[in-house]
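Peer 1: this one's sequence-less:
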DNA sequence: AGCGATTGTTATTGCTCATAGCAATCCTTA
DNA sequence: TAAGGATTGCTATGAGCAATAACAATCGCT
């Protein structure tokens, strides 16, 4: 079948993102995580006592949708909530949460390295700056 | 907030794809199309009398999910179905379908050019080959 | 002290995708 | 040529995800 779509960078961007996301999701799924879960665990680890709203802003996730997401992490005993004042609650990793984050980081780093290895060396260093220009 | 995620190509790939997809979707939405709809119209235009199954294989869409998709295009009178034999049906663009496809192509080409312009010139030519290596 | 902004939350909706199953038809091959 | 596996189009259904609206409680600026 004749298909002109793959010659379009925007289209290839979508296809590449879907394909790679499916792979990473499968691997993270083995430790009970989705990509968003891993992102949130990593961000909380880097920013102890950050709030749900701040996380949502950083990850472009609506406040309302953070609720079931954080509930899952809390039910798994990966995060704890500390009241910061009468309104906000700071989020921190539990010890098990740190372990899970470390496992996620290991999976992600392996995955990222494999991604880079797939790219012909002369293009490799250009991917990240090109992508950054598209969304940052 | 400290955020190590954007330094990961895989993460930036997902974010860039989401951001650009949202933009393109908004523009295509103005003529009543989603990205998939546009893709299908373009592919049918390039491959008259192709079948729903073949389209699904090319675009990685399940056969079952092609049904409502094609029904929408047919209800809009953008495509017609020709029985090829007792089982398969060839898909073709109606004249209005060709107009809609042309409009979609114009939007997409404008969009793709804008994407490329956002990328610093020294990285520009590397994006497509790098992406292709990730999913093809 | 007052008031707009923010936080966390509930509830709801639409959309997309995956799965399973089915009847009809095909195409290969024995 | 008859049989059997593969293919096609389709229905029905369910899970998952994101967007929206609304709300009470609280914060923080003026």
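Peer 2: That came in fine, so what should we check first? The structure displayed is predicted, hence computed values, not measured ones.
Peer 1: which parts of chain A sit against DNA strand C?
Peer 2: A:51-54, A:63-64, A:66-67, A:70, A:87-89 (Cβ under 7 Å from any atom of the strand). From N, CA and C alone the C-beta is placed, and that goes for glycine too.
Peer 1: centroid-nearest residue for chain A?
Peer 2: residue A:39 (3.3 Å; Cα atoms, centre = their mean).
Peer 1: spell out which helix or strand contains whatever residue of chain A ends up closest to DNA strand D, please.
Peer 2: Taking Cβ to the nearest atom of the strand as the measure, the point where chain A comes nearest DNA strand D is residue A:86, at 2.8 Å. Using DSSP states H and E, no element contains residue A:86; it sits outside every helix and strand.
Peer 1: top helix in chain A by residue count?
Peer 2: For chain A, the helix with the greatest residue count under DSSP state H is helix A:95-118.
Peer 1: average pLDDT for the helix or strand that comes right after that helix?
Peer 2: Once the chain leaves helix A:95-118, the next helix or strand it forms, by DSSP H and E, is helix A:121-135. Mean per-residue pLDDT for helix A:121-135: 95.
Peer 1: now stretch A:77-96
Peer 2: Here the average pLDDT along stretch A:77-96 is 95.
Peer 1: now do stretch A:14-27
Peer 2: 94.
Peer 1: list phi and psi for the residue of chain A closest to DNA strand D.
Peer 2: phi -70, psi -10 (degrees, to the nearest 10).
Peer 1: on that earlier part again, I'd say the residue nearest to the centre of chain A and residue A:59 touch.
Peer 2: Yes: applying Cβ atoms under 8 Å, one finds residue A:39 in contact with residue A:59, separated by 6.0 Å.
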